[in-house]
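# got a sequence here, can you build the structure:
(one chain, ligands or ions: 1)
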Amino acid sequence: MKIGFIGLGNMGAPMARNLARAGHEVTGFDTAAPTPEGVTPVNNAADAVAGAEVVITMLPNGEILRAVADQIIDRMQPGAVLCDCSTVDVASARAVAAQAGAAGLGALDAPVSGGIGGADAGTLTFMVGGSGDAFATVQPLFEVMGQKAVHCGESGAGQAAKICNNMILGVTMIATCEAFALADKLGLDRQKMFDVVSTSSGSSWSMNTYCPAPGVGPKSPADNEYKPGFAAELMLKDLRLSQTAAEEADADTPMGQLATALYSTFVEEENGRGKDFSAMLPRLVSRHRS
Ligand code: NAD
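Have a look, this model is predicted:
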């Protein structure tokens with residue numbers, strides 16, 4: 001398949017490289033990042049989409065996605081599909097899909113879970129919003145870049161799934177870190193705490209797979225001085241997206257609201273930027289009850 005790929009950063013580069021390795025003809029553009037092996041570089045976004053059957057974007061946020069969409073939608077060939085894999089707000093996803101639809105294009109919002117490791121290994125999970133036809137067109141590419149693609153519904157449904165998933169992740173990570181901090185003060189050994197909770201009703205991905213305590217559980221960023229992994233500021237971005245969506249939809253999300261406030265303080269006032277989001281554990285351990 002002929003593919004245009006825009007946004008070749010931490011996630012986009014390995015995804016584009018995997019598509020090229022699988023034999024697809026990939027043309028790539030990024031304003032700053034280098035072009036990965038096997039991908040043909042071009043000088044601007046419009047050139048990246050010329051003649052492509054599928055255009056994939058992997059960009060920082062909704063504002064940049066809207067700006068790039070303005071540059072490429074008129075240049076895409078009729079019937080092609082614009083597949084955005086970035087994590088953006090539901091409103092931007094729907095607006096770009098409507099703009100693409102009006103120009104005779106297919107459109108999908110297809111954010112991912114699995115991080116840089118999953119992008120590299122081709123084991124991402126895609127959560128996808130948009131038409132069944134557009135989903136069917138892009139499905140073979142999801143199979144190269146990931147291990148699972150769930151068609152969640154119409155435009156915006158993929159971003160809705162991503163935002164809800166990451167709100168759970170932010171909340172469970174804080175809960176897991178709080179429990180370790182309390183266990184420390186109660187004199188409970190961290191390894192014993194892991195052994196119990198990871199097979200009990202307090203278990204979660206945050207405890208079992210991404211344990212925030214160094215030297216406990218499988219290898220995680222905690223074992224690498226909390227270098228990301230998944231940076232605290234990216235967790236904050238996703239939590240803020242959840243709160244914007246909750247406000248627009250009039251949904252009551254008190255735990256999501258608290259998690260947003262805590263990551264906001266951590267990132268913006270306490271030097272948390274550039275640390276993994278599991279560094280909430282040393283942050284809590286260093287404090288007294290407020
Ligand atoms: P990144 O900052 O490494 O990559 C984004 C790339 O977009 C950069 O290389 C940047 O130069 C490029 N870019 C910015 N403006 C551009 C433009 N106008 N035209 C072309 N290129 C442009 O970020 P990332 O970690 O690759 O994340 C990308 C998206 O994936 C984000 O929305 C993020 O929330 C989401 N995501 C990231 C992870 C993760 O673990 N890193 C996991 C899941 C989802």
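# I'd like the average pLDDT over stretch 99-112.
Mean per-residue pLDDT for stretch 99-112: 98.
# so for it, what gets flagged as buried?
Under the neighbour-count criterion of 16 or more other Cβ atoms under 10 Å, stretch 99-112 has Gln99, Ala100, Gly101, Ala103, Leu105, Gly106, Ala107, Leu108, Asp109, Ala110, Pro111, Val112 buried. All C-beta spots, glycine's among them, are computed from the backbone N, C-alpha and C.
# what about it and the ligand, any contact?
Yes: using Cβ under 6 Å from any ligand atom, stretch 99-112 reaches the ligand at Val112.
# got the end-to-end distance for that stretch?
For stretch 99-112, the first-to-last residue distance is 22 Å (Cα to Cα, to the nearest Å).
# likewise stretch 95-113?
Rule used - Cα to Cα; the end-to-end distance of stretch 95-113 is 23 Å.
# stretch 151-163 now?
15 Å.
# can you give the distance of it from its chain's centre?
Relative to its chain's centre, stretch 151-163 lies at 13 Å (Cα atoms, centre = their mean, to the nearest Å).
# what does that stretch contact?
87-91, 93-94, 97-98, 107-113, 126-132, 135, 150, 238, 241-242, 245 (Cβ atoms under 8 Å, 6 or more residues apart in numbering).
# in TSV, list the buried residues of stretch 99-112 along with secondary structure.
As requested, the buried residues of stretch 99-112 are arranged in TSV below (DSSP: H, G, I helix; E, B strand; the rest coil):
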residue	secondary structure
Gln99	helix
Ala100	helix
Gly101	helix
Ala103	coil
Leu105	coil
Gly106	strand
Ala107	strand
Leu108	strand
Asp109	strand
Ala110	coil
Pro111	coil
Val112	strand
